[in-house]
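[1] Starting from these lines, generate the structure:
(chains A and B)
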Amino acid sequence: MPAYTVTLPVAAEPAHVWAFVNDYANWADLFPGYQGHRLAPDGRSVWTIKGDLGMFARLVEVEVGVIVGDGSEGARFTVKGLTEKVQAEGAFLTRPLGPGRAELTFVLDVRAGGAMAPMINALLRPALPRMMEGFARSLVTRIESGEVEVPG
Amino acid sequence: MSEPGAYDVIVIGSGGPGLVAALRARDRGRRVAVLEKTDRIGGTTAVSGGMLWVPGNHHMRELGILDSRDEALRYLRRVAGGQSTEDLLQTFVDRAPEMARYLEARTPIRLTPLARPDYHPEWEGGKPAGRTLDHEPFDAAVLGAYRDRVRRGPHYPPLTYSERHRWVSPEDFDWELIARRLDAGILTLGGALVGGLLKACLEAGVEIVLDTAAAALSRGPRGVSAVTATARDGTEVLFTAARAVIVASGGFEWHAHMKRHFLRGPELASATPPSNTGEGILMAMAVGAALGNMNEAAWFPVIRIPGEEYDGHPVARLIVDERCKPGSIIVNRQGRRFVNEAMNYNDIIRRFHDFDPAAYDHPNLPAHLVFDERFRSRYNVATALPSDAPPAWFKTGPGLDELAAAAGIDPAGLRATIARFNGHAVRGVDPDFRRGQSAHDRYYGDAGHEPNPSLGPLDTPPYFAVEILPGSGGTKGGLLCDAAGRVQDAQGHPIPRLYACGNAAAHSMGMGYPGAGGMLGPSMTFGYIAGDSAGAEPA
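    Next up is the predicted model:
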């Protein structure tokens, strides 16, 4: 059950950070291995991701559903593998650090299923931190660049 | 251009043959550098099964198997199909056991004999077991800073061959053991061979230079004396070699032009690192090297799973169980079988390469593996396990006609083929292609299946098909060498101070594949010899 949390400071207003991460159109292309997504019923979306396990990479389709999004400090989401036996839970959390400064936390807990689960989880353990650190840094860079306008 | 220092011997490529050559040259007290163009060590060897086919090896007696020089030579003359030389075959048979002993004496590698038959065990001189050697697991932690520098491949979880073969299906593998080994950095198969060689090289003082691509050889009046290479940052670096250069840079299966113009038939997918682009062969040609065995490869029937990549290129997965277990067949677009599906992976591709001179095409391409639900629920197909739902890359049909439509196969042909095959399979015979007759076929079948471990009917819908491509585990043609590993020129004279081994050299097994490890056993032997010879060159 590989899980990893990455927290980075962001030089932006907390409300701006939240508004940015709350709309995945702002950052979907930064997600490691992102190939595309389409909307599904009930606020869900189906993402195609090239999952890189180190030994090899494979295209997977996952269904993402946001289960909590109170609009102020964070959003939690679930991920269900459609083409692979994998599930995940995660969250984006924001915390104010002061005027023009916030903290962004990205949490992801991935669980492979099926007979190969122990091996897949073992491959994910070193891959997950590498992937999440890179993603979080890219997010912060884009937020701070101001290249994407967000409401608020 | 920078000059990083002078060496006696430069080895281009860090696969098993290159590393054993480097170690052997270092044993003679030479200053040795290994240039590796990628950021990882091990080349094709590291992603392979890593086994060594060594007739007359010192472990065979542990299985109660006796071997002789004469038996090995009689067998190999037939295997090589006239594309090797008597000198190379005799040298291989005479020196391979010495190479195997050397590995155990000089490195942490520990060899274990397999009860795995030669690929033609019924031929004169063939053996039912013992000539193929596997490796005990290797703990990469002892490599220190190089722990994560050994190339990992997409093909095999970290189990030994014996561990893998213990179970009928990967479903039954000890996946917890696999996870513990991944966490701990335990290497098996080709990784264990590379890890052990790397450990010995590092301890001996062989210098490993990563991210440095050899680009050209310098040939002066005394022979080849230097390698110009390009570092990752684009800097040109000159490596001088006071005694010799050994080209061990792998095959040309990722060089589209060379493949197209040299190989005897289509090679549509490679199960090797995409860095095998043939430069070593090309740069030696530029200093006058002759070529040999260029039409051959270690042929593999492979499956490509859409979306799978390794180093940014499609993964090709060798299929063995899928062809050998009962309840599957391979058909062409006419729905006809055209080969014994359970034949060894190298020779089976000859039938994929059949060419129809009237139609001017390959009648057996595309080819499909066809199987039924009973097969699917019992055996794996590439990474699809029996407990998995059939993946989207399976072509599927509730009946044979629907499957034929989905796969572009003639339905009447498929129906007729399966009706005939089933009628024989239930009786354990295959009068058309003699599948399941050889000890080879039966070994890779399902030992618990009666009356023939390799034959079973396809009669339980739904039905499935997966395209099988003629692929390879590396090309087998390259620089023509003598029995000392010296590269020859077009007139048959050695090019002074230039050696080659591994898939960059014309392979001593010619067109054939004697058994598991039939690429690496000879390549390691001639790497061992080349290192010894290069190290003995005068300064």
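
[2] pretty sure B:Arg101 belongs to a strand, no?
    No. B:Arg101 is assigned helix when assessed by DSSP: H, G, I helix; E, B strand; the rest coil, not a strand.

[3] Wait, it touches B:His58, no?
    Yes. Assessed by CB atoms under 8 Å, B:Arg101 is found in contact with B:His58 at 6.0 Å. Where you see a C-beta, it was placed from the backbone N, CA and C, and this is true even at glycine.

[4] what comes up buried for the strand or helix carrying A:His37?
    For A:His37, the host element (DSSP states H and E) is strand A:34-39. Under the neighbour-count criterion of 16 or more other CB atoms under 10 Å in any protein chain shown, strand A:34-39 has A:34, A:37 buried.

[5] and it, which strands flank it?
    Using DSSP bridges, the strands paired with strand A:34-39 are strand A:45-52 (antiparallel).

[6] what is the mean pLDDT for the strand it pairs with?
    The average pLDDT within strand A:45-52 is 93.

[7] Show residues contacting the very next helix or strand once past that strand.
    As assigned by DSSP H and E, the chain's next helix or strand after strand A:45-52 is strand A:57-69. Defining contact as CB atoms under 8 Å, 6 or more residues apart in numbering or on different chains, one finds that strand A:57-69 is touched by A:22, A:33, A:35, A:37, A:40, A:42-51, A:74-84, A:86, A:88, B:305-310.

[8] likewise stretch B:84-96?
    B:54-57, B:69, B:72-73, B:76-77, B:80, B:293, B:482-483, B:507-510, B:521-522, B:525-526, B:528-529.

[9] Distance from the chain centre to that stretch, please.
    When distances are taken as CA atoms, centre = their mean, to the nearest Å, stretch B:84-96 is centred 20 Å away from the chain's centroid.

[10] same deal with stretch B:216-227?
    For stretch B:216-227, the distance to the chain centre is 31 Å (CA atoms, centre = their mean).

[11] Compute the first-to-last residue distance for it.
    Terminal residues of stretch B:216-227 lie 6 Å apart, using CA to CA, to the nearest Å.

[12] Please identify the buried residues of it?
    For stretch B:216-227, the buried set under the neighbour-count rule, 16+ other CB under 10 Å, comprises B:216-219, B:223-227.

[13] The strand holding A:His37 to strand A:57-69, inter-axis angle?
    40 degrees (axes from the mean of the first three to the mean of the last three CA atoms, to 10 degrees).

[14] Apart from its chain neighbours, what residue comes closest to A:Trp27?
    A:Leu139 (5.6 Å; CB to CB, 6 or more residues apart in numbering or on different chains).

[15] so that neighbour sits right up against A:Val17, yeah?
    No. Using CB under 8 Å as the test, A:Leu139 is too far from A:Val17 to be in contact (9.1 Å).

[16] Residue numbers of chain A in contact with chain B?
    When proximity is defined as CB under 8 Å from any CB of the partner chain, chain A approaches chain B at A:50, A:54-60, A:83, A:85, A:114-119, A:121-123, A:125.

[17] where exactly do the strands run in the stretch 201-350 of chain B?
    Along the stretch 201-350 of chain B, the stretches classed as strands by DSSP state E, counting those that start in this stretch are B:207-209, B:212-220, B:223-231, B:236-247, B:269-270, B:291-292, B:297-303, B:309-310, B:313-314, B:317-318, B:328-331.

[18] Tabulate the ones you listed (a markdown table), appending distance to chain A.
    What follows is these, written out as a markdown table (distance: least, CB to the nearest CB, whole Å):
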| stretch | distance to chain A |
| --- | --- |
| strand B:207-209 | 21 |
| strand B:212-220 | 23 |
| strand B:223-231 | 25 |
| strand B:236-247 | 28 |
| strand B:269-270 | 14 |
| strand B:291-292 | 33 |
| strand B:297-303 | 13 |
| strand B:309-310 | 4 |
| strand B:313-314 | 10 |
| strand B:317-318 | 10 |
| strand B:328-331 | 21 |
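
[19] Let's have those strands in CSV, adding mean pLDDT.
    Listed next are the strands of the stretch 201-350 of chain B as CSV, based on pLDDT from 0 to 100:
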stretch, mean pLDDT
strand B:207-209, 97
strand B:212-220, 97
strand B:223-231, 97
strand B:236-247, 97
strand B:269-270, 98
strand B:291-292, 98
strand B:297-303, 98
strand B:309-310, 96
strand B:313-314, 96
strand B:317-318, 96
strand B:328-331, 98
